[in-house]
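Student: everything below, folded, please.
(2 chains)
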Amino acid sequence: MFDPKWVRENPQAFDEGLSRRKLPPLSKQFEQIDALRRARIRTLEIFLEKKNKASKEIGQARTTGNHSALEKLMSEVAEAKESIARLENEVKESEADLKEFLAGIPNIPADDVPIRDDETGNEEYRRHGERPSLNFTPKQHFDLGEALGLMDFEAAAKLSGARFVVLKGALARMERALSQLFLDTHTDPKHGYTEVNPPLIVRDEVMIGTAQLPKFSADQYRVETEDDQIRQAYENFELDRNAVLDFAEKRGIEAARAEKKEVLGFVYRPNPFRRWMIPTAEVPLTNLVREDIVDETKLPMRMTANTPCFRAEAGAAGKDTRGMLRQHQFTKVELVSITTPEQSKDEHERMLTCAEEVLKKLGLHYRVMTLCTGDMGFASQKTYDIEVWMPGQNTYREISSCSNCGEFQARRMNARYRNKQGKVAGHVHTLNGSGVAVGRALIAVMENYQEADGSIAVPDALLPYMGGLKKITKVG
RNA sequence: GGAGAGGUGGCUGAGCGGUUGAAAGCACCGCACUCGAAAUGCGGCAUACGGGAAACCGUAUCGUGGGUUCGAAUCCCACCCUCUCCGCCA
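Tutor: Reported below is the predicted structural model:
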């Protein structure tokens, strides 16, 4: 979310930043919305001042018993109040317009982000290790897993539909082992992240804070109790009927009918009852500082969590349908840092090396990509992806994504910090990164450590967590 | 789910329908005293928005949203949240 003041004062920088995202210039539109808003505020405040003054004088006239003045003042207030009611609505409308406008605009890329159209424009930043040389044709993880009898997509479909998986036995254990290894690595003083076990179900505002909402509601799972639904239906009925009537009055019944869909709330609208399943632990971890003023001495704050993540994967129809690469539910160890504006750049590099560390421990070959402007996420100003080598697929696959969001999310959350002088010094910077995706790490291990007979060797780093098991072989 | 209590500034905590943006204390900052420090004394110290080159002025904010009133932190209603007890529950 942008600072309106900044946009007002730097329209050209704003447009230039948007153009790097392949977006049209929006400063003109901003200027319009903002100017109207400010004009409305000004007129409203003139009337408010009038009312306040008169009210105060009424108090004085009462005590002095000046009845003629009293009556004049009363009528003055009554007059002002008429305008105030109308102007208040206008200001509210303008403020909502501005907020909606700004909430839909993505973060501006950092200066050193390559300006390209799509993922083919990403640039390699560095790489580690080499592709393993196998003297047989490597299989994909789902072939391996199904042959081992430890990965069951049919059972998962029976339970939950497509894009779910059931892991069993040594593979289930290996997933847990990976989580443990990652958490142990990041909570070690060397990395210094504090382990957190956050809620997996969160409110609207929290999803807005990290920018999953309002724009990406279709990618999220929402949860409601029956009670919630009843209350919501009731509220919607009241709200929407009024909204439709209001709309019809202003622009005619025909227009109201045509735009009924929007008016009736099929578009996103904040709702106090509804909750969302987290698509990543970034959401609860980052929002831990929402509406807070953090002491600078506590920064950087580093947090890690191992959680299931839930994604509707809307718009990914037909993409990566085989195997457990793209699931509605997966496990991920997440890293989140809260920093001062000065610290965030270094912290971003540091976070990346923390994520890389676990892949090094697993002996996996990977490359780090700097995402170009066309491939970056909505809230990010700079993102590194780590892509791990998958022999079975004969390609690199994203296993981690580390983003510096600057103050973009902090503004939405109103997360600020207090400097050493005790003054509120501004918004914090927020960073998040996978450290790393556990489900994908599992399939990377499977494909990289597979043997000719379809068994899978356990990487050294996982041995302590596997209860003595050195190799995963077919059951039964 | 039932019964009750409560949500006030960075924190603690007062608050009568009318100079209350809000007492007091703590914390913090400045000054004085001191060789220095502590202690003490004096002064300062909320945020956002709007206007202004600035000094400064205006407006809003006492959980949120409505309402009553000329005027609401104070009265009324709804909701959210926290706490205590009971019930249910992994």
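
Student: tell me where the model's unsure across the stretch 151-300 of chain A.
Tutor: A:226-273 (pLDDT under 70).

Student: just the strands in it please.
Tutor: Remark: strands assigned in the stretch 151-300 of chain A by DSSP state E, counting those that start in this stretch are A:151-152, A:166-167, A:194-195, A:201-203, A:222-223, A:275-277, A:293-295.

Student: got a markdown table for these, with distance to RNA strand B and mean neighbour count too?
Tutor: (Each C-beta comes from the backbone N, C-alpha and C, glycine too.) Formatted as a markdown table, those follow (distance: least, C-beta to the nearest atom of the strand, whole Å; neighbours: other C-beta atoms under 10 Å):
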| stretch | distance to RNA strand B | mean neighbour count |
| --- | --- | --- |
| strand A:151-152 | 25 | 22 |
| strand A:166-167 | 21 | 18 |
| strand A:194-195 | 20 | 13 |
| strand A:201-203 | 8 | 17 |
| strand A:222-223 | 14 | 14 |
| strand A:275-277 | 9 | 20 |
| strand A:293-295 | 6 | 14 |
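
Student: for the residue nearest to A:S27 when sequence neighbours are not counted, list the residues it contacts.
Tutor: In space, A:S27 comes closest to A:P11 once its chain neighbours are excluded; the distance is 3.6 Å by C-beta to C-beta, 6 or more residues apart in numbering. Going by C-beta atoms under 8 Å, 6 or more residues apart in numbering, A:P11 touches A:27, A:30-31.

Student: out of these, which is most surrounded?
Tutor: With neighbours taken as other C-beta atoms under 10 Å, the top of the contacts of A:P11 is A:F30, carrying 21 neighbours.

Student: pretty sure it is touching A:D15, no?
Tutor: No. Using C-beta atoms under 8 Å, A:F30 makes no contact with A:D15, being 9.5 Å away.

Student: ok, A:V438 - contacts?
Tutor: Taking C-beta under 8 Å, 6+ apart, one finds A:175, A:178-179, A:182, A:306, A:330-333 in contact with A:V438.

Student: how about the residues of chain A that lie near RNA strand B?
Tutor: Residues of chain A lying near RNA strand B by C-beta under 7 Å from any atom of the strand: A:4-5, A:38, A:41-42, A:44-45, A:48-49, A:51-56, A:58-59, A:62, A:74, A:77-78, A:81, A:227, A:272-273, A:293, A:421-424.

Student: among these, which lie within strands?
Tutor: Members of the residues of chain A next to RNA strand B lying in strands (criterion: DSSP state E): A:293, A:424.

Student: restricted to helices, list the residues of chain A next to RNA strand B.
Tutor: A:4-5, A:38, A:41-42, A:44-45, A:48-49, A:51-56, A:58-59, A:62, A:74, A:77-78, A:81, A:227 (DSSP state H).

Student: which ChimeraX command selects the buried ones in the residues you listed?
Tutor: The ChimeraX selection below is limited to those of those classed as buried (16 or more other C-beta atoms under 10 Å):
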select /A:4,44,48,51,54,58,77
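
Student: A:T120: how many residues sit nearby?
Tutor: What A:T120 shows, counting by other C-beta under 10 Å, is a neighbour count of 9.

Student: what's the answer for A:T353, then?
Tutor: 12.

Student: distance between the ends of stretch A:328-347?
Tutor: 30 Å (C-alpha to C-alpha, to the nearest Å).

Student: quick check: the gap between the nearest residue to A:H141 once chain neighbours are set aside and A:A316.
Tutor: Counting by C-beta to C-beta, 6+ apart, A:I443 is the residue found nearest to A:H141 once chain neighbours are left out, at 3.8 Å. In this view, A:I443 and A:A316 are 17 Å apart by C-beta to C-beta, to the nearest Å.

Student: same question for A:F14.
Tutor: Counting by C-beta to C-beta, the gap from A:F14 to A:A316 is 31 Å.

Student: repeat that for A:G161.
Tutor: As judged by C-beta to C-beta, A:G161 and A:A316 stand 14 Å apart.

Student: who has more neighbours, the two?
Tutor: Taking neighbours as other C-beta under 10 Å, A:G161 and A:A316 compare with A:A316 leading, 13 against 9.

Student: which of the helices or strands spans the more buried one?
Tutor: Using DSSP states H and E, A:A316 sits in no helix or strand.

Student: now the closest residue to it other than its chain neighbours: phi and psi?
Tutor: Computed as C-beta to C-beta, 6+ apart, the closest residue to A:A316 that is not its neighbour in sequence is A:R326, at 6.2 Å. With angles defined as degrees, to the nearest 10, A:R326 sits at phi -130, psi 100.

Student: residues in contact with A:R326?
Tutor: For A:R326, counting by C-beta under 8 Å, 6+ apart, the contacting residues are A:163, A:313, A:316, A:319-320.

Student: tell me the one of those residues nearest A:E95?
Tutor: A:E313 (34.7 Å; C-beta to C-beta).

Student: contact partners for the residue at minimal distance from the centre of chain A?
Tutor: Among the residues of chain A, the one closest to the centroid is A:T210, at 3.7 Å (C-alpha atoms, centre = their mean). A:T210 is in contact with A:282-283, A:286-287, A:379, A:409, A:412-413, counting by C-beta under 8 Å, 6+ apart.

Student: just the helices in the stretch 51-200 of chain A please.
Tutor: A:67-103, A:141-148, A:153-160, A:169-187 (DSSP state H, counting those that start in this stretch).

Student: now distance to A:Y465 too, for those helices, in a markdown table please.
Tutor: Conversion of the helices of the stretch 51-200 of chain A to a markdown table gives the following (distance: least, C-beta to C-beta, whole Å):
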| stretch | distance to A:Y465 |
| --- | --- |
| helix A:67-103 | 43 |
| helix A:141-148 | 19 |
| helix A:153-160 | 24 |
| helix A:169-187 | 3 |
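
Student: re earlier: which of the helices or strands spans the residue nearest to A:H141?
Tutor: Counting by DSSP H and E, A:I443 is part of helix A:438-448.

Student: between helix A:141-148 and that helix, find me the angle.
Tutor: Here helix A:438-448 points in a direction 80 degrees away from that of helix A:141-148 (axes from the mean of the first three to the mean of the last three C-alpha atoms, to 10 degrees).

Student: now A:G426, nearest residue through space, not along the chain?
Tutor: Spatial nearest neighbour of A:G426, chain neighbours left out: A:R416 (6.4 Å); criterion: C-beta to C-beta, 6+ apart.

Student: quick one: residues contacting the one you found.
Tutor: A:292-294, A:410, A:424-428.
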